[in-house]
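Student: 3D model of this:
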Amino acid sequence: MASQISERDKQLLRAGGETTPGTKSYEGGIFGSVNGGGLTDFVILKIVEPSTNRLITSKRLDPLIIQNNIIVKPGIDIRDLGFASGRFNFTYEFYRQLAGSDEATLVRTDTGRNGDIYDGPYYINNKGLYLSGGPNQPDRMELKPMRLNYEVGAISNSRAEIKIRMKNINDDV
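Tutor: Numbering: from 1, shown residues only. Coordinates of the predicted model:
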């Protein structure tokens with residue numbers, strides 16, 4: 001890639017100076033910093049088969065920050081995934097979670113409390129339904145597992161824009 005950039009383009013790139021992503025107020029802080037009481041940044045390590053570009057495996061990693069530098073340890077990370085030898089390509093991808101979560105929670109389905117998060121004992125019956133309490137309790141209520149993320153509400157005709165909507169989950173319990 002560097003050899004394909006002309007000398008003029010290199011000068012233009014250098015003219016902008018250096019900047020650290022995350023230093024502007026709307027960017028949410030420098031990568032790896034604790035934002036709003038919790039770490040919202042993560043790294044995905046992907047291992048790809050070189051001849052077909054097929055994803056072999058991937059793993060989510062917490063960023064390792066030492067003296068404001070992001071440290072990656074490919075040898076250790078790849079060995080942790082079980083690779084001791086072979087030919088493969090790998091990439092590190094850096095992400096910041098801005099909204100929602102992939103964590104699952106149980107929500108109530110009963111009238112008047114539909115969508116409230118349920119935080120009590122539960123079990124799964126032989127039909128695969130989540131029910132509150134235990135198998136011998138007469139007033140069992142059906143629960144629904146839901147992820148704390150968003151749903152796609154609409155996709156534009158040009159497929160360049162999407163509208164997202166929140167799920168019906170009440171976390172004010």
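
Student: got phi/psi on the closest residue to residue 99 other than its chain neighbours?
Tutor: Distance criterion C-beta to C-beta, 6 or more residues apart in numbering; nearest residue to residue 99, sequence neighbours excluded, is residue 150 at 6.8 Å. In this view, the C-beta of every residue, glycine as well, is placed from N, C-alpha and C. Main-chain dihedrals, residue 150, degrees, to the nearest 10: phi -110, psi 160.

Student: check the one 10 residues further on too.
Tutor: Taking degrees, to the nearest 10, you get phi -100, psi -10 for the backbone angles of residue 160.

Student: what's the answer for residue 79, then?
Tutor: Here is the backbone geometry of residue 79 (degrees, to the nearest 10): phi -60, psi -40.

Student: quick one: residue 30 and residue 23 touch, right?
Tutor: Yes: look at residue 30 against residue 23 with C-beta atoms under 8 Å: they come within range, at 6.7 Å.

Student: neighbour count: these two, which is higher?
Tutor: residue 30 (15 against 9; other C-beta atoms under 10 Å).

Student: tell me the contacts of the more buried one?
Tutor: Applying C-beta atoms under 8 Å, 6 or more residues apart in numbering, we find residue 30 in contact with 20-23, 68.
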